[in-house]
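**Q** here is my input; please provide its structure:
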Amino acid sequence: MSRFFDKFINSLRSLFSLKEEEFRLPLDESNKLIHPMGSVKKIAHTFRTRSTQDGRISTPPPLSEVYPLDDESDALLAIAKAVRDKAYANYSGFQVGAALVAASGQMYLGVNIENAAYPAGICAERSAFCAAISAGEREFTAIAIMGSDENEPCYPCGICRQFMSEFCPPEFPVILADGVHSLGGLMPCAFSLEDKT
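**A** Below is the predicted model:
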């Protein structure tokens, strides 16, 4: 397990051109993440919904289009997968992890937390957003979501889609196991008030 995390961290460092002291996942002695919520260090990123091979968007892409995963998306999915083990899913057994990147470059992690009174639980996506918003963030560039089956996409529920649409535009990238979706493609008719001030 230790070799896996060493290899994973080294790949992240090379991917983002970070020195060892600049990026380190908060792991305990058994290589499990210590703090599933809160900031994890600034990372360099260019997350966006892509319409061309080199990442530039020439014309707005159709919101329903799903883009293939690239190295950055894979790295964020790997972090969502790593934090997933912290989920409290005692009733469903379905663990979910989310890794949210703010426009500031700060990363926030979240997991699903279930409750005996089912409506009192919270999904991983909202858990990550709550941590970020509590830290003062208001603009976001991407979120990756990983469920119990890493080969199947873990689509956000309707409440999470509406929650994200409060803070993110329709082109906001939602990274799942099957590719990079746009929030507008997942939630085409989000409820909105004209004046959010």
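**Q** by mean pLDDT, flag the weakest helix or strand of this protein.
**A** strand 38-42 (a mean of 48; mean pLDDT, DSSP states H and E).
**Q** quote the end-to-end distance of stretch 153-171.
**A** End-to-end distance for stretch 153-171: 19 Å, by Cα to Cα, to the nearest Å.
**Q** what does that stretch rub up against?
**A** 48-49, 60-61, 63, 96, 123, 125-126, 129, 133, 138-140, 143, 145-148, 172, 174, 176-179, 182-187, 190-192, 196 (Cβ atoms under 8 Å, 6 or more residues apart in numbering). C-beta here means a position set from N, CA and C on the backbone, and glycine is covered the same way.
**Q** which ones are touching the nearest residue to P170 once chain neighbours are set aside?
**A** Spatial nearest neighbour of P170, excluding adjacent residues (Cβ to Cβ, 6 or more residues apart in numbering): G184 at 2.7 Å. Contacts for G184 (Cβ under 8 Å, 6+ apart) come out as L63, P169, P170, E171, F172, A190.
**Q** Y118 now?
**A** Y91.
**Q** just the pLDDT for it.
**A** In this model, Y118 is scored at 90, pLDDT.
**Q** can you flag the buried ones in the contacts of stretch 153-171?
**A** Neighbour-count burial (16 or more other Cβ atoms under 10 Å) applied to these gives 48-49, 61, 63, 96, 123, 125-126, 129, 133, 140, 143, 145-147, 172, 174, 176-177, 182-187, 190.
**Q** okay, and which of the residues you listed map to helices?
**A** E125, R126, F129, I133, L183, G184, G185, L186 (DSSP state H).
**Q** show me where the protein has its strands.
**A** Secondary structure of the chain (DSSP state E): strands at 38-42, 97-102, 106-111, 140-146, 173-176, 179-182.
**Q** and the fourth one, what does it pack against?
**A** Contact here means 3 or more Cβ pairs under 8 Å, 6 or more residues apart in numbering; DSSP states H and E; on that basis strand 140-146 packs against helix 71-84, strand 97-102, helix 124-134, strand 173-176.
**Q** partner strands of the second one, with direction?
**A** If I follow you right, that is strand 97-102. Taking DSSP bridges as the criterion, strand 97-102 sits next to strand 106-111 (antiparallel), strand 140-146 (antiparallel) in its sheet.
**Q** quick one: mean pLDDT over the first one.
**A** What that stands for is strand 106-111. Strand 106-111 comes out with an average pLDDT of 97.
**Q** for it, C-alpha coordinates in CSV please.
**A** Once non-C-alpha atoms are left out, strand 106-111 reads as follows in CSV (Å, rounded to 0.1, in the frame of the first residue of the first chain):
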residue,chain,number,x,y,z
GLN,A,106,-7.2,25.3,-3.0
MET,A,107,-8.6,21.8,-2.9
TYR,A,108,-11.4,20.7,-0.6
LEU,A,109,-12.4,17.1,0.1
GLY,A,110,-15.7,15.6,1.2
VAL,A,111,-17.3,12.3,1.9
